[in-house]
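Chemist: Return atomic coordinates for the entry below.
(one chain, ligands or ions: 1)
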Amino acid sequence: MSLYKPQTVNCNGETFKVYLSEEKIRTRVADLAKQLNRDYSGKKPIFIGVLNGAFIFLSDLLRHISIPSEVDFLKLSSYGDEKVSSGEVRDLKDIDANIEDRHVLLVEDIVDTGLSMKYMVEKLEQKNPASIATVTLLHKPEATRHDVPLDYVGFRIPSLFVLGYGLDYAQEGRNLAQIYILDEGESRSDHT
Ligand code: IMP
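Modeler: As a prediction, this is how the structure comes out:
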């Protein structure tokens, strides 16, 4: 079975083009895992994935992790079905694990304004972990308004909407094997 990786894709009436190839993502994810294996050697971190977006990134990342580790998930909602952040974060699911005195690696698909990451770090800190580090596959530095420490970043990208590899647009497009970016020229001409 081949992976689903078209050159362009139409999602909810907007056109997206390939921005990060499957190979680029694969190489970078393996690099990040190598760094984590080194930095957490001798420890047993718990990876906390942020649902839904981080499920593909975390599952690929974990398959390169060679140190003892555990996994849990939490779920937030901030975007609804829109392409811009609502500016509000809602808790949809908390973690099940007890993270007191544990080394936590909080894994996100993307940091845009930074609101969600900041909210989650502050929330998890209240559970008294030994440490918290943040891991994000993508970061939009120009859009980030909240002061949040990003410890492991896969790619820094422009402030344009992206899709695929777990990231959605109104819940669609998570199944794409590459990361796509809004093709502004194409989308505009679609509407005229
Ligand atoms: P923030 O709170 O503004 O940093 O937004 C973080 C969340 O918004 C991410 O976990 C994603 O779910 C979503 N998000 C931000 N930018 C994008 C994007 O370009 N495509 C898809 N989802 C995004």
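
Chemist: Just give me the residue right at the centre of the protein.
Modeler: With distances taken as C-alpha atoms, centre = their mean, the residue of the chain nearest its centroid is residue 109 (0.5 Å).

Chemist: What helices and strands are in contact with the longest helix belonging to the chain?
Modeler: In the chain, assigned by DSSP state H, the helix with the most residues is helix 22-39. Here helix 22-39 touches helix 55-62, strand 131-139, strand 152-156, going by 3 or more C-beta pairs under 8 Å, 6 or more residues apart in numbering; DSSP states H and E. Where C-beta positions appear, they are placed from N, C-alpha and C, glycine not excepted.

Chemist: Which of these sits closest to the ligand?
Modeler: strand 131-139 (7.6 Å; C-beta to the nearest ligand atom).

Chemist: Now do the closest one against strand 152-156: the angle between them, please.
Modeler: 10 degrees (axes from the mean of the first three to the mean of the last three C-alpha atoms, to 10 degrees).

Chemist: ok, residues contacting strand 131-139?
Modeler: For strand 131-139, contacts defined as C-beta atoms under 8 Å, 6 or more residues apart in numbering pick out 25, 28-29, 32, 36, 54, 57, 61, 103-111, 117, 121, 124-125, 148-157, 162, 165, 167, 179.

Chemist: got the buried residues for stretch 147-164?
Modeler: Going by neighbour count (16 or more other C-beta atoms under 10 Å), the buried part of stretch 147-164 is 148, 150, 152, 153, 154, 155, 157, 161, 162, 163, 164.
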